[in-house]
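> Based on what follows, work out the 3D shape:
(3 chains)
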Amino acid sequence: MMMSTSWITSIADILPKLPQIVWDWWLTLPDAVPAFTVGLIVFAIAALMGQLAAIVMVLMERKVLSWFTQRKGPNRVGPLGLLQTIADGVKLLFKEDIMNDAQDKFLFTIAPAIFLFPVFVMFALVPFSTSIIGVSLPIGLLALFALSSISVIGIVLAGWASNNKFSLLGGMRSAAQAISYEIPLVLSLLGVVLLTGTMDLTKIIEAQRGGLLHWFGIFLAPVSFLIFYTASLAEVNRVPFDLPEAESELVGGYNTEYSGMKFATFFLAEYAGLFIISAISAAVFFGGYYSPFGGLIVEQTGASVWLASTLGVPQLKELIPHAEMLLWMLGKTYIFVYMAMLIRGTLPRLKPDELMGFSWKFLLPLSLINVLMIAFVKLFLMDWAENLPTSWIYLGIALLIAIFGVGGFCLWTSRSFTKQLQSRFKQQA
Amino acid sequence: MVFSADALSSALLDNDWTGFLLKQGVPFLSPEFILILTLLLIIVLSLFSVGKTENKPENAINSPVVSLLASNSWNLAMGGTVLALLTVIAHYFLFFFNHFDVGYSVLYGMFKADLLSVASRTFLLVGFIIVLLMSKRYVATFMAKQASEFFAILLTAFTGAMFLCGSIDFVSAFVSLETLGISSYLLVGYLRNNQQSTEASLKYLVYGGASSALFLFGLALLYGLMGGSTSLETLPLALNSGVKELSAWLPIALVLVMAGVGFKISAAPFHMWTPDVYEGAPTPVTAFLSVVSKLAAFVFAIRFLLPFAGHVGSVTILVSLLALLSMLVGNTIALKQTNIKRLLAYSTIAHAGYLLLGLTVLQYHSLATVLFYLFTYVFMNLGAFACVLVTSDLLKTETIADMAGLGKAKPMLVAMFSIFLLGLAGMPITAGFFAKLFLFQALVTENPITLGMVLLALVASTVSIYYYLNVIRTMVVAEPSDAVKALMGQTESNAGCALMAGGGTSSLCGSTSMRWAMILSLAGTLLLGVLATPIMTVCDVAMYELIQAGKQLEPESAQPPANVGGVTTSASSTNP
Amino acid sequence: MDTLVFWFFAVVSVLMAIGVVFAPSVLYAALCLLSVFFCMAGFFLLNNADFLAVAQVMVYAVGLTIVLMFGLMFTGNQALPAQDNKWGWLVKTIAVFSGLSIAGVLAKASSSFVPKFVTPMAEPMKQNVIANGTATQLGELLLTKYILPFELVSVLLLIAMIGAILLSKKTFSDQGSGVFFSFDEGKLVPEALGWKKDVGLE
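Numbers count the residues shown, from 1 in each chain, chains lettered A, B, ... in the order given. All right, here's what the predicted structure looks like:
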């Protein structure tokens, strides 16, 4: 008894001092350990955020789709069915993990991990406020897409290791699709990079601080946004580009053979990927964590200062703007997530040849024209914009890009025109 | 020329683009720009060629649309090349009147516009015109539907060669070498339904990839040795810095770079690809590879090796090793060849040996004779390949034995072929004789050390006479083979044998462009012998100026390497 | 830290490079190659070349490897036919010896090489690079000093692309088709779309 009480008291003595002790010990460590640990912590938080986002989105998708089709959706587990995803997760955890003998065990196991990891790392690169960001890289935008392209290897490996023709076809389709759509994707972002002169996401968002008129997705580079959103839907295998896992033709595509937690990993990573591309859309094209009215509302109205002084908590002055930023960013992100679900509820799946044709014959030329136009605007019109009411110039630029975009659309979709020309020529000859 | 970002920004501020371009010497690149514009034009026009894909292979030649297209892309390519040649000739006047005695650095020291690059580009362009003349009917016959792409790729390869002639920076040298190389892989495999051609292309690709990697590794080592500079003009600076690590690393870097260059000029240990590629590739492409690629790579080798003139030891050993091996391998294996294209491939290797011999001592007159040799080689080899093209088209075979008695059927053709082969053997009358004479003479007089090697080279070229004359003997003296008999039957029924071939049955030999190709080659082969003195003078002046330009970059007077872009720092200036 | 990470990448890259050669199947070799590329990206990062590292991941590690795997999966996973080469052992021995001797020469030379020539980056410059990345400087260099090779590369890539497409077409003048992605439907698709009728010559 005596022993234990003294033990408890000594713990009680130490406990308040513990942070100081840990901090002192931390400082004595060699340089490498803190850097490595911070990296691990950032990754852990990012992974946690990814999982949370995925859990919310799975439920959201089921609910939203059921509203579209006039059903109730999940409504049994928890209030309004809110705990459905968690129940599903628990079910998947306890499911039997089936592997058959003909499969390549090593690759079969490692494929979901290769698919999942880069998506989690991407969470560390997305800014949710000026300070809620894992790492702010000078080439953050490019790094995001380098990471997103890694996941494709996971899909291809999963398809191959499954030893199943449907899986293989799914993997193949995924590889072809990812390579094809990556080009318009990056080219569409190139326009924004040209306009801002940086690939740092926080700086790109800073460039859109002025509000609605300064958002790239509205007036400055709407074509870029459309290309980006379309191509990134294809990158994360969403309907109408979900050919790699087309249930009705390939059973389940690359994840046909997967069960239990491995399947859940694929599932999780896909939703996390959708969240990421929505977040990038919001950040690059729709002002990120700034409000549509320019800056932040709490700062414009002085609300944060007022609250901090009335409540007597000076830290709130710093915290409230970040809360608002987080709110804007998450709100915008979920709007794009919702849009993806809306598209899923609306559009049918493409055929393989249509899919490739759409990328190479339409999106790619269009994005090239778009980049050219934006370069033109940057070179010749930006100087004038300094002296004139900016918004009108932006409008003019937007119109110009739109006209060229539509022109490109007409030119490249009308293959029938070329064919007519050919047949006419043949008749003459 | 030291890099400064200010030049561009000040030009941008003043809106003085013309001044900026002139200051950077961009007009000196006008032939290359013309070639690039031409090839882009060809690609774009081929996009709009309506009905191009509608024809099946069998009626490709008969279709007026397709042959029109084929000849149009050829016309464009030819027009561009001639225009480029005119601009290069205009550069001579610039040199005479403005007297850029040490040349002019173009675009931040990426390209050197001096007499060497201008002279070599002139002969490259003339050679390319001959290649185009050779390929006109060939392309229309065998690859009519892909004609425009063929000429676009050919022009790209040629543009790479043109840039290589003036490259004085590792980056531009490597890029132009790759432009030449990658386009060549495509061209070699252009007869896609022909197994030999595809195999040759693959072989060339694999060997080429490996040698490019070695070349790049060598350049990377030199980049480190030169303290973070990629310009060849800072190479003497690093060499004279007297740092003792140089002695350990320089030979390695040198070997690696020469492996890359040796591949392009098909010198002996790197020659494995040559016979297969020469045999498998479409014959105009073979001609292109054997001449254009070789001339450009040699000019780069001269530029690259010249800074080593003060440290000639390792260069002499390495280059003379390459030269001896090339002469040995080329001449001995050529003796046993039965296929005429393979024979010419080994003869090419042997010639690379003679030419490398001139690079061993790195003195200006011997280098000048190498240049002269290269110029004459352009005409002799192109002429020989033109004759091979016609003969193989007439006889439908490339075997030497099947060419027996061809002299009775096509005397003019055989006469021409003999002149080209005699030229390659180094017989009098032709320019080949003077080329060999000048080269050996210069080697003997400039440096007695090489006397032994010159004797060896003489023996080697004596051996080479045997296999060249053997071909001539087969064609002239021997009884007609079956193929030739069949040909004679045809020509009797089809009267109207024109200059050398005539005959309505064959599409190639009767074509005017083919005749012009042969006439141009013949004229070159004979005229360069007659005009040996003036052209030799140009070569001498070019080399003299090159060496003078190198001497201006003495270690004392030269600037330390610029701190390029702020990414790397130079070390050689801090470690004298 | 830097040294630790360097040695990690160095050891892994060498092991994986060996793995490329000795891997049991081609797909594993491709995966090893992928790891080597990632380690290369790591080396670039260690030298503060962030843009190069990302480009390495994007172009080599992913783009190239996926195309490689794509090709492997279509061509099947058969082992190469064994070669009955009488002099095979001799060639192998020579190759091993020459490789080892080259490695030895390089090691000998590099023991005297490294410290003198390679000076570390100046500290303010390093800070600048860490803060702003190298992309801007790289872009400026490419469009000023190295503009000539840069433009030449663009011509080269264009032509290489055209040539590759041209040579890999099924027949030299075939129409493009969507049959690539569904084996079973492959025969049916062109007729179903009426392409033959539209394109061929009756």
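> tell me the SS of the residue in the stretch 1-150 of chain A that chain B sits nearest to?
Among residues of the stretch 1-150 of chain A, the one nearest chain B by CB to the nearest CB turns out to be A:Pro138. It sits 14.2 Å away. The C-beta positions use only the backbone N, C-alpha and C, and glycine is treated the same way. Reducing the assignment at A:Pro138 to three states with DSSP: H, G, I helix; E, B strand; the rest coil gives coil.
> how near is it to A:Tyr229?
A:Pro138 sits at a distance of 25 Å from A:Tyr229 (criterion: CB to CB, to the nearest Å).
> interface residues of chain A facing chain C?
Selection of chain A residues close to chain C by CB under 8 Å from any CB of the partner chain yields A:31-32, A:35-36, A:107, A:137-139, A:142-143, A:145-147, A:149-150, A:152-153, A:156-157, A:160, A:168-169, A:171-173, A:175-176, A:178-179, A:182, A:199-200, A:243, A:351-354, A:356-357, A:419.
> are any of those buried, and which?
For these, burial is judged from neighbour counts taken by 16 or more other CB atoms under 10 Å in any protein chain shown, and it is met by A:107, A:137-139, A:142-143, A:145-147, A:149-150, A:152-153, A:156-157, A:160, A:168-169, A:171-173, A:175-176, A:178-179, A:182, A:199-200, A:243, A:351-353, A:356-357.
> so of those, which ones are in strands?
Per DSSP state E, strands hold no members of these.
> Sort out which of the residues you listed are in helices and list them.
The members of those that map onto helices under DSSP state H are A:107, A:142-143, A:145-147, A:149-150, A:152-153, A:156-157, A:160, A:168-169, A:171-173, A:175-176, A:178-179, A:182, A:352-353, A:356-357.
> Tell me, how many residues neighbour the closest residue to chain A within the stretch 351-500 of chain B?
Using CB to the nearest CB, the point where the stretch 351-500 of chain B gets nearest to chain A is B:Asp393, with a distance of 29.2 Å. Other residues near B:Asp393 number 20, with proximity taken as other CB atoms under 10 Å in any protein chain shown.
> For the helix or strand hosting it, which residues meet the burial criterion?
For B:Asp393, the host element (DSSP states H and E) is helix B:364-395. Residues of helix B:364-395 classed as buried: B:364-395 (neighbour count, 16+ other CB under 10 Å).
> ditto for stretch B:478-491
By neighbour count, with 16+ other CB under 10 Å as the criterion, the buried positions of stretch B:478-491 are B:Ala478, B:Pro480, B:Ser481, B:Ala483, B:Val484, B:Leu487, B:Met488, B:Thr491.
> What of stretch B:85-92?
Per 16+ other CB under 10 Å, stretch B:85-92 contains these buried residues: B:Leu85, B:Thr87, B:Val88, B:His91.
> what does it rub up against?
Surrounding stretch B:85-92, the residues in contact under the criterion CB atoms under 8 Å, 6 or more residues apart in numbering or on different chains are B:Phe28, B:Ser30, B:Pro31, B:Ile34, B:Ala113, B:Val118, B:Arg121, B:Thr122, B:Leu125, B:Val126, B:Ile129.
> Sort out which one of these lies nearest A:Asn100 for me.
When the contacts of stretch B:85-92 are ranked by distance to A:Asn100 (CB to CB), B:Ile34 comes first, at 64.1 Å.
> how far is the longest helix belonging to chain B from where the chain is centred?
Under DSSP H, the helix in chain B containing the largest number of residues is helix B:64-98. Here helix B:64-98 shows a centroid-to-chain-centroid distance of 18 Å under the convention CA atoms, centre = their mean, to the nearest Å.
> again, but for stretch C:35-53
For stretch C:35-53, the distance to the chain centre is 13 Å (CA atoms, centre = their mean).
> what does stretch A:281-299 give?
Taking CA atoms, centre = their mean, the mean C-alpha location of stretch A:281-299 is offset from the chain mean by 17 Å.
> That stretch: end-to-end distance?
Stretch A:281-299 has an end-to-end distance of 24 Å (criterion: CA to CA, to the nearest Å).
> Give the buried residues for that stretch.
Along stretch A:281-299, these residues count as buried under the neighbour rule (16+ other CB under 10 Å): A:281-291, A:294, A:296-299.
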